[in-house]
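Visitor: Just the structure for this:
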Amino acid sequence: MSIETRLTKLEAVTSPDGPVICFWAMTKGRPMTPQQIESGIAALNTPKNARVMSVSWLAEGDLSR
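Guide: Numbers count the residues shown, from 1 in each chain. The predicted structure is shown next:
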């Protein structure tokens, strides 16, 4: 069984209500603001039953360190 088939089956089990779409919430090496994330997600052309999650490699609080 291919990795693509396995991932599709895993997604179907973990998210039976629809696909999960990850939105990369970074811009110019910095996390997007909540307003930027909302605007970006609103602009996506996703299925109505999709669950969109924002993903970043830095949390907003990490910038002050």
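Visitor: leaving aside the residues next to it on the chain, what's closest to the most centrally placed residue in the chain?
Guide: Most central in the chain under Cα atoms, centre = their mean is residue 22, positioned 1.7 Å from the mean C-alpha point. Spatially, and ignoring its direct neighbours in sequence, residue 22 is nearest to residue 55 (4.7 Å; Cβ to Cβ, 6 or more residues apart in numbering). For every residue, glycine as well, the C-beta is placed using N, CA and C.
Visitor: wait, isn't that neighbour in contact with residue 24?
Guide: Yes. Proximity of residue 55 to residue 24 meets the contact threshold set by Cβ atoms under 8 Å, at 6.0 Å.
Visitor: Now stretch 49-60: buried residues?
Guide: 54, 56 (16 or more other Cβ atoms under 10 Å).
Visitor: how about the strands of the chain, start to end?
Guide: 20-24, 26-27, 30-31, 51-55 (DSSP state E).
Visitor: possible to save those as a markdown table with distance to residue 1 and mean pLDDT?
Guide: Formatted as a markdown table, the strands of the chain follow (distance: least, Cβ to Cβ, whole Å; pLDDT from 0 to 100):
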| stretch | distance to residue 1 | mean pLDDT |
| --- | --- | --- |
| strand 20-24 | 21 | 81 |
| strand 26-27 | 33 | 85 |
| strand 30-31 | 37 | 84 |
| strand 51-55 | 25 | 82 |
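Visitor: coming back round to it: ok, the residue nearest to the centre of the chain - contacts?
Guide: Counting by Cβ atoms under 8 Å, 6 or more residues apart in numbering, residue 22 makes contact with 52, 53, 54, 55.
Visitor: Who does it form a beta bridge with?
Guide: Bridge pairing for residue 22 (DSSP bridges) gives the partners residue 53.
Visitor: Compute the number of surrounding residues for the closest residue to residue 48 other than its chain neighbours.
Guide: Closest residue in space to residue 48, ignoring its immediate chain neighbours: residue 18 at 7.9 Å, by Cβ to Cβ, 6+ apart. Using other Cβ atoms under 10 Å, residue 18 has 14 neighbouring residues.
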